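A.B. asks: Sequence and predicted structure below; questions after.
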Amino acid sequence: MNRRNLLLASTAKVYGTPYLEYLRDDIINFFSGTEAIIFIPFARPGGATFSEYTNMAKSFFKRFDMRLHGIHESNNMKKALSEAKGIFVGGGNTFLLLKTLYDQSLLEVIKKKIIEGIPYLGTSAGSNILGKSIKTTNDMPIVYPPSFDAIQAVPFNINPHYTDQHPGSKHMGETRDTRIKEFLKYNDITVVGLREGSYLQVVGDKISLGGPHKAKIFQPGSKPVELVANDDLSFLLKDEISG
């Protein structure tokens, strides 16, 4: 039985608010009673060091008397992760994040912990890596992971920071919809476009959408559909392979 308990956010910040503030109440509830939260800073936004990134996350969690430690602070990352009671994977560059997880042989450890049911919070790249692959990230491939295959804790892909084409825009480059349409030509995988401030809550075999915006669901051979907050998105798990 899959006991996953996931909070997968499009972003760590929305315009005009501090780091994680828009998710504050959800995070407090999500990690309530949780000890030993492990933070994985491998995505390194803007080239931040592991310590710089971890300290930013610590400052948020400390406000609510929650203990958080960077995985790099342990002499044995596998052991620290296997003993964690909660996991937070921050955003940044998805390629760098996935490569580092492969290099440290941590992908299967994370998946095992998710199946066991410990709370997992992901923002941006940290949400991306729970899909089937990272092929729908918006990030530049600054490093080359051994594979684009991700943790596959859910049987679809996520496109964090999904944006709509603005009416009257003179921008002639490809839109996000165009890029996802290209992906679907070669990949039989559903893609969930998460706008800024939106997030998915996955509890076992149930998925719901939170936040103020609709999510856009792209499926091969179908027109995209828009779903609103509190809609049941559990149909996205229909392609799940048991075992």
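C.D. replies: Alright, I've got the coordinates.
A.B. asks: wait, what's in contact with the residue nearest the centre of the chain?
C.D. replies: Closest residue to the average C-alpha location of the chain: S127 at 0.7 Å, with Cα atoms, centre = their mean. By Cβ atoms under 8 Å, 6 or more residues apart in numbering, the contact list for S127 reads L8, A9, S10, G91, I158, P160, L194, L200. From N, CA and C alone the C-beta is placed, and that goes for glycine too.
A.B. asks: same question, L81
C.D. replies: I38, I71, I87, L106, V109, I110, K113.
A.B. asks: what pLDDT does it get?
C.D. replies: Note on L81: pLDDT of 96.
A.B. asks: if we can go back for a sec, secondary structure and pLDDT for the contacts of L81 - can I get that in JSON lines?
C.D. replies: As requested, the contacts of L81 are arranged in JSON lines below (DSSP: H, G, I helix; E, B strand; the rest coil; pLDDT from 0 to 100):
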{"residue": "I38", "secondary structure": "strand", "pLDDT": "98"}
{"residue": "I71", "secondary structure": "helix", "pLDDT": "98"}
{"residue": "I87", "secondary structure": "strand", "pLDDT": "98"}
{"residue": "L106", "secondary structure": "coil", "pLDDT": "98"}
{"residue": "V109", "secondary structure": "helix", "pLDDT": "97"}
{"residue": "I110", "secondary structure": "helix", "pLDDT": "97"}
{"residue": "K113", "secondary structure": "helix", "pLDDT": "96"}
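A.B. asks: mean confidence score for the lengthiest helix in the chain?
C.D. replies: The longest helix of the chain (DSSP state H) is helix 50-62. Mean per-residue pLDDT for helix 50-62: 97.
A.B. asks: and if you look at stretch 174-183?
C.D. replies: 93.
A.B. asks: Could you shift the numbering so residue one becomes 58, and keep it that way?
C.D. replies: I'll keep to 58 as the first residue from here, and by that count the last item is stretch 231-240.
A.B. asks: Give me the contact list for it.
C.D. replies: With Cβ under 8 Å, 6+ apart, stretch 231-240 has contacts from 192-193, 195, 214, 216, 219-222, 246, 248, 250, 275, 281.
A.B. asks: By pLDDT, give me the weakest of the residues you listed.
C.D. replies: Q222 (73).
A.B. asks: Once you drop chain neighbours, what's closest to that one?
C.D. replies: Once flanking residues are discounted, Q222 sits nearest to T232: 4.6 Å by Cβ to Cβ, 6 or more residues apart in numbering.
A.B. asks: Would you map the helices across the chain?
C.D. replies: 81-87, 107-119, 134-140, 151-160, 164-173, 182-185, 233-243.
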